[in-house]
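J.: Next comes the sequence, and after it the predicted model I'd like to discuss.
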Amino acid sequence: MKTVLIVTRTFGKYSSEPIDLLKNNGFDLRWSDSLDPDILKNVDAIILGTGKLSGDIIQNSSLKIIARNGVGVDNVDLKTATQMGIPVTITVNANTISVAELTMGLIFVLSRKIVAVHNELYERKRFSSSIGVELFGKILGIIGFGAIGKETAKRALCLGMKVLAYDPFVDKQTMAQYSVECVDMETLLKTSDFVSLHLPLNQSTRKLIGKKEFEMMKKTAFLINTSRGGIVDEVALVEALRQNQIAGAALDAFEIEPLPEDSVLYNCPNLILTPHIGAHTYEAIYKMNMMAAQSVVDFFNKKLPKHIANGEVAEKLLKQGFSQ
């Protein structure tokens, strides 16, 4: 009997279907709150949340497949997994709608100062004279025009916003199909009223938004990050907010998670923090759970799992007789 280690707190929490899918296909399930190297020496597969799976841990494990319960692979040593022939699967588009909706929610919260006026009324029992801005006619700049960027653009356009986008991997014709204007990043930063980040974390995107970028933005502009924390230079963001270089920001992801108690982000003016809840809807969790479980089932049935992040391994599996 093959053993699957579950290292994500949401797997099977709201529906038993993903658990049943694995059990009905003959898998023994084990749960863990941490990536214990000793446990990983005795399991065949892992369904992984946000925990970091290092190269050393992978090399000393008995893993045959790594199924990410999400879309990012920055917490997995992909190079080592590829060298060892271990497929790393992701749950493409499972959380797309949920993250796009949270992004729009944060834009509303920032534009109308909802958290600040709530706190004023709830804690001090006092009406605030705070003034917000309408979204109609404002410019939303989207950095990263993948699935989530596209869904965010659709919603912004419905509100009467103009949408600009920067993505070196997406051509202007594709953006035009979504009624979005393709621009370079400098133009986007200088022009947008709201800047929203929707891109993966890698060496080229780490601290992509820092001191220089904040200096380019309008003093009335807002930054929203619902992708990965390392994309934003958090120290530079705090300085930009304290110096009123931008009007505000909302972050759902952080360089270190959970956010440390001594983080510079606490007690920062005009900053909204949410605890990486972009994919935390019943619908997104269900889809992620089912897709991750199905990847494990397919793999051990000699069927190529969908959405393998390390394509080289997918090619090797096909040569080994895996069916598509």
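T.: Thanks, I have it.
J.: Going by C-alpha atoms from here, please, whenever you check contacts or count neighbours.
T.: Noted.
J.: what's near enough to touch the residue nearest the centre of the chain?
T.: Taking CA atoms, centre = their mean, the centroid of the chain lies closest to residue 227, which sits 3.9 Å from it. Residue 227 makes contact with 197, 198, 199, 200, 252, 253, according to CA atoms under 8 Å, 6 or more residues apart in numbering.
J.: Among those residues, which lie within strands?
T.: If you go by DSSP state E, the contacts of residue 227 have residue 197 in strands.
J.: how close does the residue nearest to the centre of the chain sit to residue 184?
T.: Separation of residue 227 from residue 184 (CA to CA, to the nearest Å): 20 Å.
J.: try residue 163
T.: Separation of residue 163 from residue 184 (CA to CA): 13 Å.
J.: Show me which of these two is the more surrounded one.
T.: residue 163 (25 against 13; other CA atoms under 10 Å).
J.: mind listing what's buried in stretch 19-38?
T.: Neighbour-count burial for stretch 19-38, counted by 16 or more other CA atoms under 10 Å, picks out 19, 22, 27, 28, 29, 35.
J.: From these, pick the one nearest residue 113.
T.: For the buried residues of stretch 19-38, the residue nearest residue 113 by CA to CA is residue 35; the value is 39.9 Å.
J.: pretty sure the closest one is touching residue 51, no?
T.: Yes. Using CA atoms under 8 Å, residue 35 makes contact with residue 51 at a distance of 7.1 Å.
J.: Could you tell me which residues touch both of the two?
T.: Contacts common to residue 35 and residue 51, judged by CA under 8 Å, 6+ apart, are residue 7.
J.: mind giving me the domain split of this protein?
T.: Here the domain assignment for the chain is 3-93+282-319, 96-273, based on automatic domain parsing.
J.: need the buried residues of stretch 19-38 in CSV with pLDDT, secondary structure and distance to residue 6, can you?
T.: Converted to CSV, those look like this (pLDDT from 0 to 100; DSSP: H, G, I helix; E, B strand; the rest coil; distance: CA to CA, whole Å):
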residue, pLDDT, secondary structure, distance to residue 6
19, 98, helix, 10
22, 98, helix, 11
27, 98, coil, 12
28, 97, strand, 11
29, 98, strand, 7
35, 95, coil, 10
